[in-house]
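**Q** have a look; sequence and predicted model below, questions after that.
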Amino acid sequence: MPQNFLEKMLKPGQRGRLRWVLFGIAVLFLITAYIDIIGFKNPIANALDTGLSAIPVVSNLNIFPKLEKNISDNSSRLVWRNIKQIELSSYGLPFRLGLDLLGGAQLTYDADLSQISLAGKNDALAGAKDVIERRVNALGVSEPIVQTSLSGDKPRISVELAGVYDINSAIKMIGETPLLEFKEENPQAQQLTLEQQKQLDDMNLAVRKQAVDILQQIKNSGDFIALAKQYSEDPGSKDNGGLYEGVAKGQFVTEFDDVAFNKLKVGEVYSDLVKTTFGYHIIKLEGEQGTGDSRTVNVRHILFKTKTSADLGIAQEPEWINTKLSGKNLKKASVEYDQTALVPQVSLEFDNEGAQLFADITTRNVGKPVAIFLDGVAISIPKVNEAILGGQAVIQGNFTQDEAKKLAQRLNAGALPVPVKLVSQTTVGATLGQEAVQKSLFAGFLGLLAVALFMICFYRLPGLLSVIALLIYTVISLALFKVIHVTMTLAGITGFILSIGMAVDANILIFERLKEELRAGKDLMRAIDDGFGRAWTSIRDSNFSSLITCAVLFWFGSSIIRGFAFTLALGIAVSMFSAIIISRQLLLLVAKWKWAQNKWLYGVKKKI
Amino acid sequence: MKLQIIKNRKYYYLVSGLLFVVSVLAIIAWGLKPGLDFTGGSLLELTFTENRPQTAEIQKATESLSLGEVIVQPSGDKNIILKFQNVNEEQHQQILQAIENNFPGQARELRFESIGPVIGQELQKKAWMAIGVASLGIILYIAFAFRKVSKPVASWKYGVSAILALIHDIVIVIGLFAILGHFAGIEVDGLFITALLTIMGFSVHDTIVVFDRTRENLGKFYTGKFDEVVNDSVNQTLVRSINTSLTVLLVLLCLYLFGGVSTKNFTLALLVGIFVGTYSSIFVASCLIVDWNIWDKKLKK
C-alpha cells in the first residue's frame, strides 16, 4: 500500500498533476500574500501579530530571523527573535514609495566637464556623483538616489531625496560642496621664470610681513585711521581711513563679512589678518545699526594686496590645466602645524588612485609649481621640490587656525572634482502625496469591483474563476513590486490599476474562444484545451505591442514615467502568466465536477 | 446577427474623417498648451489654512521681488498656484518669506517645481523621438508577425493599416486636448506623452486581434471574397474587442471620477484614447485593408 501511495505522489496521472499545480498556485498565493502584508502598517499585519503572539508555542520560539546592525563598527549579524520582539508591520520589505507619494525633492545638476580631457569625463562625473552622494547621505535621508547621465554632451547629476523635510538645507549643503582641483602648469602658457616666481613670492612675503607689522602697531594703540591712509591699498576707502558705512551682509566677500558681522564687538580690531582673494585685511568694527537680517555695520579696513604676475608686468594667461587628481581622490584632510614657522596648514591624504596620480604629477613637475584650486580660485601654489610618493600633500595658504580648521572640515565632507549647477528642482509636500494615494487606491478598488461584476455577469462560471485568478494576479504583482523594490509613484499605481483592467483581456480572449468551441459542439475538456491553445497566438502578439511601447516609455521618461512603464510591463507579463496558467488550471479543475457540466454556465445558449 | 461593417464603411469613414478634420483644425488653430515640463519655469502651490487671499493681494506681495510676470491662480478651495520664471533656491526662499511676511502663519507650501529652459527643450525633442521610435517598432513587429500571410494582401499592408488607424486615434486625442487647452486651460506635460504612447500600444493591440482572426480565416477558407472574410472576422471578434476595452474603460472611469487630482488629465487622455482606439480597430482598420485590396486590384487591371 505505501508503495502505491508513493507512486501516486511522485508520478501522478493527469488528475494528480492538476492537483499538484493547484497546490503550487495556492502556496504561491499564500507566500505572496504574506510578503504583501508585512513591512507596512495595515490592519491585517496587526491582527496577525496579536494573533500569533497569543499562541504560547509560537510566541516563545525564537524562529524569526532579523538582521541587526552594530552601530559602532557598522557590521550586521543575523539574530533569531520571537514574535513578541518583532512587529510584523516593521518586519520584512516595505513598499518603496516614490517622491510624489512620500514628499521630498528632486534636484538636477549640470556638471561642467569642459576642463576635463575626453578620456577622463566618465571618471570625473562618477567622482562628482560620489561626492554628492556622500553629502546627501550625511543628511540622514533614507535611501537617497543619486544618478548620473551623460546624455549627448550634457552631463547631469540627479538627486532624489524622499521624505526630506528641509529641502533648503539640503540644497545649501550640496551647493556648499567645495570644488577641489589640482592643476599643473600649462606648457602653452607663458611661464614665469624661476627668477620671476621668486620675485613674486618674495614680494608677497614682504606684503604679509608689512601687514603683520601694521597690525601689531594698531594693537599697540596705533592710530588706525592714519595707518589706513598711509598703507591701505584699497582706493575706495583709504582716503577716509578705510571706512565703509552702512554695509549690509553680502556686499563684501565672505571672509570679510564673517569677521565684520560675526566676530567683532564695536570698537574692536580683529586680532588676526583676514585673507581674501584681494590680499590681507586688518578689520575694525566701528559701529552697527539695526538687528537680524537688516543689520548693517560701519567698518574700517586696511588692505595689503597680494601680488600676481600682473604686478611683475607680465601678461596674464590661463596658466593652469587640470590634472586627473581632484577632490574625489581626497581621503582625509586635517589641520597640521608647519614645523618651522608654526603656521597652521591643511594636510591632504589621498586614496590609492590619488596617491599614484599625485606621484605622477610631482614627478612630472619637479622644480615647477603645482596649483591647488579651491572653488575655482588658487589657494596654494607650492613648488614641487621632489616627487612625493606617499600620497600626502599640504596646502599652505597662509591660513589662520580657524580658517584651516574650517577648510579641513569642508574638504572632509567631500570635495567635488568639477563644478555643478542646479538646473531644475521639484519639491512635493508629503500631504499631497498621501491624499493622492488614498484616492487612487480607493478608485482602483472600485474599478476592480466593477470589472469583477462585469466578468461574472457576462461570462458566468469562467468569469468567476477569472476573478479569482485576477485576485491571485494582484497579490503576486504586489509581492513582486516589493521584492524587486520598484519605486511606486502615483503614475505607477495608475499603471498597475490599468494593467488589472488589461489582465482581464487575456481571459476574455480565451473565454470567447471557449464559447466558440463549445458552440461548435466539442465536449468541455477538448473545448478548454483548444480554446487556450488557439488564443495564445493572439494574446502573445497583442501584448507584445504594448510591451514595445513600455520599452519606449522606459527609455524616454523621467523616473515617474519609468515607474508607470515598469509597473505596466510587469503587470502585463504577470497577467499573461495568470491567465494562461492559473485560469486554465482552475477551469480544468472545475470542469471535472459534475455540476459544472452545463453549458449555460459558460455563456453558451442552447440552440434549438 | 451580423453587422455589415465593410458594406457600410462610408459612414464610418465619414465619422472618422469629421473627427479627424476637426482635430487637425483645432491643433493648427490653437496648438497644445505646454505645461511646465516643456516650457521650463517655476510653479509654486500654496495652501491657506484660513481665508484664502485674493489673487491681487498675492500679486502685490511678490511684486517687490522682480520676478517678471507672475501668474496667480486659485485651485480647489484652499490652494493657490503661482507660476513664474525659473528661479534659484535663494529666490524661492525669498518668495516664501514674502508670503510669510504678508500672510503670517497662514500659508504652507504644498509643492514647488523649478525647471530650467534647457531641460524643457530636451523633453520636447525626446517626446517626438519616442513617438517616432514606437511607431517604427510597431510597424516592424506587425510586419514580422504577419509575414506568412501574403495572399491576397501583402503582410506589410496590415502593418501600415494599423499605423494609419493609430495616427487617426492619436490625432483625435491631441485635437481634443488642443480644444481643452484653449477653452479650459488644460496643459500637457510628460504624462500626456506617456498616455499617447500607451494608447498607441493598446490600439494596436486591439487591431492585431482583428487582423489575427482575418489571418486565421484566410488560412481556413478563402473563397476569393476578401471583404466578406474581413467582415466575418470583425464580427467574430466584435464581442471580444468591446469587452476588453470595456473592462479597461471601467477601471479608468473609476480612476477619473474618484482618483487623485494630479493624474486626472492623464486618465482622461487614456479614456478618450482607448475608446477611440477600439472604435478605429473595429471600424477603420479593417475597412482600410479592404479598400487597399480593392485599390490594388484596380491598379492591376
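**A** Noted; the coordinates are in hand.
**Q** give me the most central residue, the chain.
**A** Picking chain A for this. Central residue of chain A (Cα atoms, centre = their mean): residue A:145, 1.9 Å from the mean position.
**Q** switch to chain B, that's the one I care about
**A** Nearest residue to the geometric centre of chain B (Cα atoms, centre = their mean): residue B:196, 3.7 Å.
**Q** now do residue A:367 against residue A:162, distance only.
**A** Here the distance between residue A:367 and residue A:162 works out to 53 Å (Cβ to Cβ, to the nearest Å). Backbone N, C-alpha and C define where each C-beta goes, glycine included.
**Q** still on that earlier bit, who does the residue nearest to the centre of chain A bridge with?
**A** Beta bridges link residue A:145 to residue A:160, judged by DSSP bridges.
**Q** give me the pLDDT value at it.
**A** Here, the pLDDT recorded for residue A:145 equals 78.
**Q** contacts only, for residue B:13.
**A** Going by Cβ atoms under 8 Å, 6 or more residues apart in numbering or on different chains, residue B:13 touches B:284, B:287.
**Q** can you tell me if the lengthiest helix in chain B touches chain A.
**A** Longest helix of chain B, by residue count under DSSP state H: helix B:226-258. Yes - using Cβ under 8 Å from any Cβ of the partner chain, we find that helix B:226-258 touches chain A at B:236, B:239-240, B:243-244, B:246-255, B:257-258.
**Q** about what we covered before: with neighbour numbers in mind, choose between residue A:367 and residue A:162.
**A** Each of residue A:367 and residue A:162 has its neighbours counted (other Cβ atoms under 10 Å in any protein chain shown); residue A:162 has more, 24 against 9.
**Q** for chain A, what are the nearby residues on the stretch 1-150 of chain B?
**A** Within the stretch 1-150 of chain B, the positions near chain A by Cβ under 8 Å from any Cβ are B:88-89, B:92-93, B:108-116, B:118-119, B:122, B:126-127, B:129-130, B:133-134, B:137-138, B:141-142, B:145.
**Q** which of the residues you listed are buried, as a ChimeraX select command?
**A** Applying 16 or more other Cβ atoms under 10 Å in any protein chain shown to these leaves a buried subset, and the ChimeraX line that selects it is:
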select /B:88,89,92,109,110,111,112,113,114,115,116,119,122,126,127,130,133,134,137,138,141,142,145
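**Q** could you confirm residue A:247 falls within a strand?
**A** Yes - counting by DSSP: H, G, I helix; E, B strand; the rest coil, residue A:247 falls inside a strand.
**Q** quick check: beta-bridge partners of the residue lying closest to it once chain neighbours are set aside?
**A** Closest residue to residue A:247 apart from its sequence neighbours, by Cβ to Cβ, 6 or more residues apart in numbering or on different chains: residue A:297 at 5.3 Å. Residue A:297 has these beta-bridge partners by DSSP bridges: residue A:247, residue A:288.
**Q** show the contacting residues for residue A:297.
**A** Going by Cβ under 8 Å, 6+ apart, residue A:297 touches A:246, A:247, A:260, A:261, A:285, A:286, A:287, A:288, A:289.
**Q** was I right to think the fourth one contacts residue A:252?
**A** To tie it back to what came earlier, the one meant is residue A:261. No - if you go by Cβ atoms under 8 Å, residue A:261 and residue A:252 don't touch, sitting 9.8 Å apart.
**Q** could you list the low-pLDDT ranges of the stretch 1-150 of chain B?
**A** The model of the stretch 1-150 of chain B has pLDDT under 70 over residues B:1-2, B:147-150.
**Q** quick one: the strands in chain B?
**A** Secondary structure of chain B (DSSP state E): strands at B:41-48, B:71-75, B:79-84, B:107-115.
**Q** so what are the sheet partners of the first one and their directions?
**A** The reference is to strand B:41-48. Paired strands of strand B:41-48, with direction, are strand B:79-84 (antiparallel), strand B:107-115 (antiparallel) (DSSP bridges).
**Q** could you dump those to CSV with distance to residue A:387?
**A** Below are these laid out as CSV (distance: least, Cβ to Cβ, whole Å):
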stretch, distance to residue A:387
strand B:79-84, 56
strand B:107-115, 48
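**Q** closest one to residue A:421 among those?
**A** Judged by Cβ to Cβ, the one of the strands paired with strand B:41-48 that comes nearest to residue A:421 is strand B:107-115, at 12.9 Å.
**Q** off-centre distance for the closest one?
**A** Distance of strand B:107-115 from its chain centroid, counting by Cα atoms, centre = their mean, to the nearest Å, is 27 Å.
**Q** do stretch A:565-580 as well
**A** With Cα atoms, centre = their mean, you get 29 Å for stretch A:565-580.
**Q** that one vs chain B: in contact?
**A** Yes - judged by Cβ under 8 Å from any Cβ, stretch A:565-580 comes into contact with chain B through A:565, A:568.
**Q** against which helices or strands is the helix or strand containing residue A:100 packed?
**A** Remark: residue A:100 resides in helix A:99-102, with elements defined by DSSP states H and E. Judged by 3 or more Cβ pairs under 8 Å, 6 or more residues apart in numbering or on different chains; DSSP states H and E, helix A:99-102 is in contact with strand A:154-162, strand A:420-428, helix A:430-484, helix A:559-577.
**Q** so which bits of the last one are buried?
**A** Applying a neighbour-count criterion of 16+ other Cβ under 10 Å, one finds A:559-576 buried in helix A:559-577.
**Q** what's downstream of it, the next helix or strand?
**A** Using DSSP H and E, the helix or strand that directly follows helix A:559-577 along the chain is helix A:584-591.
**Q** by contact count, what packs against that following helix?
**A** Counting contacts by 3+ Cβ pairs under 8 Å, 6+ apart, helix A:584-591 packs against helix A:14-37, helix A:430-484, helix A:524-556.
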